[in-house]
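Participant: heads up, no residue letters with this:
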């Protein structure tokens, strides 16, 4: 049996992510996906300013001198059982900083 769960990305984009302690971490601003067979699978989430800057394009970021300031969470570091209120499944210190 395949335990794959389908969540519409538009329900996650812009959602505030809370830490395990209830502290605000940032908003989901971008998704990282990989091709798997005939489809794509989300493997990570850019949270905070870093994700927003990813959308702006690397060249524009360099011209403006903008830097990151957020996190990248692997798919297994977010609890999406309630897509309206995503929460970390790990301490924020375990997230990749950008």
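Facilitator: That came in fine, so what should we check first? These numbers were taken from a predicted model, which means no experiment stands behind them. Numbers count the residues shown, from 1 in each chain.
Participant: Name the helix or strand for the residue most central in space within the chain, please.
Facilitator: Nearest to the geometric centre of the chain sits residue 45, at 1.9 Å (Cα atoms, centre = their mean). Residue 45 is located in strand 39-48, with elements delineated by DSSP states H and E.
Participant: Buried residues of that strand, list them for me.
Facilitator: By 16 or more other Cβ atoms under 10 Å, the buried positions in strand 39-48 come out as 42, 44, 45, 46, 47, 48. Where C-beta positions appear, they are placed from N, C-alpha and C, glycine not excepted.
Participant: partners of the helix or strand containing residue 28 in the sheet?
Facilitator: Assigned by DSSP H and E, residue 28 belongs to strand 24-36. The strands that strand 24-36 pairs with in its sheet are strand 16-18 (antiparallel), strand 39-48 (antiparallel) (by DSSP bridges).
Participant: got the contact list for the longest one?
Facilitator: Under the criterion Cβ atoms under 8 Å, 6 or more residues apart in numbering, residues 9, 12, 17, 25-34, 51, 54, 69-75, 78, 95, 98 lie in contact with strand 39-48.
Participant: mean confidence score for that strand?
Facilitator: Over the span of strand 39-48, the pLDDT mean works out to 90.
Participant: Could you do stretch 72-81 as well?
Facilitator: In this model, stretch 72-81 carries a mean pLDDT of 95.
Participant: What are the buried residues along that stretch?
Facilitator: For stretch 72-81, by 16+ other Cβ under 10 Å, it's 72, 73, 74, 77, 78, 80.
Participant: Buried ones from the contacts of strand 39-48, can you make that a PyMOL selection?
Facilitator: Buried residues within these, by 16+ other Cβ under 10 Å, are selected in PyMOL with:
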select buried, resi 12+17+25+26+27+28+29+30+31+32+51+54+70+71+72+73+74+78+95+98
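Participant: Great, nothing more from me.
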